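Visitor: Would you be able to build a 3D model of this:
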Amino acid sequence: MARDSFVFYRSFFEAISLMPPEVQAEVYPALVEYALNGKESKGLSDIAQGVFILVKPNIDASITRIENGKKFGKLGGRPTKKGNTASSAKLKADIPTPPTTYTLTLQQEIEQMKTDHTWNEPVCMQFHISADELAKRLDTFHNHCKCENDGKAHSNINDAKRHFCSWMRKAYTQVEHDSDTELPPPSYEFNGGFGGQDI
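Guide: Here you go, the predicted model:
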């Protein structure tokens, strides 16, 4: 099979250029004849035959890659399946597109957060509060948003939930102690200092 081109690496050139000119004169035509026409030259000297045997697998591999590229398309890869574009367009048409506008008001966001049990249970656990306390804090958060943001709603409900949790971390940073548990009074006894001992 006749081909128009083949891959010839610099390493081939560098290795062959180290050989005597008469060997080079044998090797170059033998490699070109094999790569372009698929014919192996006969009667090569032992050195030229050794070089040919070393280079031949690389030429075969590059020819295989070129032929596979022609077989599977100019850029390579698997050919496209027939009818695939119509089915993918149908699948895209079946997927509902989410609404682009967010319509909840701040009050509706607070009410939705109060009734979203899959969200508010982990929040109660995280902040160690009861469901009633969470509802009170959501009302306080509502007032905070009305004062700070002029009552504007968030960009989406997840943004509102993140804002609430962030606000909770800042607004309730004081550690709450039980009234029964008191810290011990500080001790001002002298225990010896500056390397000295108590007498």
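
Visitor: Retrieve the pLDDT associated with H163.
Guide: H163 is assigned a pLDDT of 89 by the prediction.

Visitor: That one - how many residues pack around it?
Guide: 16 (other CB atoms under 10 Å). C-betas here are computed from N, CA, C, even on glycine.

Visitor: Mind checking what secondary structure it has?
Guide: Recorded secondary structure, H163: helix (DSSP: H, G, I helix; E, B strand; the rest coil).

Visitor: can you tell me how far it sits from C124?
Guide: 18 Å (CB to CB, to the nearest Å).

Visitor: residues in contact with the helix or strand hosting E14?
Guide: Under the criterion of DSSP states H and E, E14 resides in helix 10-17. For helix 10-17, contacts defined as CB atoms under 8 Å, 6 or more residues apart in numbering pick out V23, Q24, V27, Y28, L31, V51, V55, N58.

Visitor: Try it again at 7 Å.
Guide: Q24, V27, V51, V55 (CB atoms under 7 Å, 6 or more residues apart in numbering).

Visitor: Against which helices or strands is the helix or strand where Q112 lies packed?
Guide: Element membership of Q112, judged by DSSP H and E, is helix 106-115. Contacts defined by 3 or more CB pairs under 7 Å, 6 or more residues apart in numbering; DSSP states H and E place helix 106-115 against helix 131-148, helix 157-171.

Visitor: buried stuff in the last one?
Guide: Okay, so that is helix 157-171. For helix 157-171, burial by neighbour count (16 or more other CB atoms under 10 Å) applies to I157, A160, K161, H163, F164, W167, M168.

Visitor: ok, and what's touching that helix?
Guide: L104, E109, Q112, M113, W119, V123, F127, R137, F141, H144, H154.
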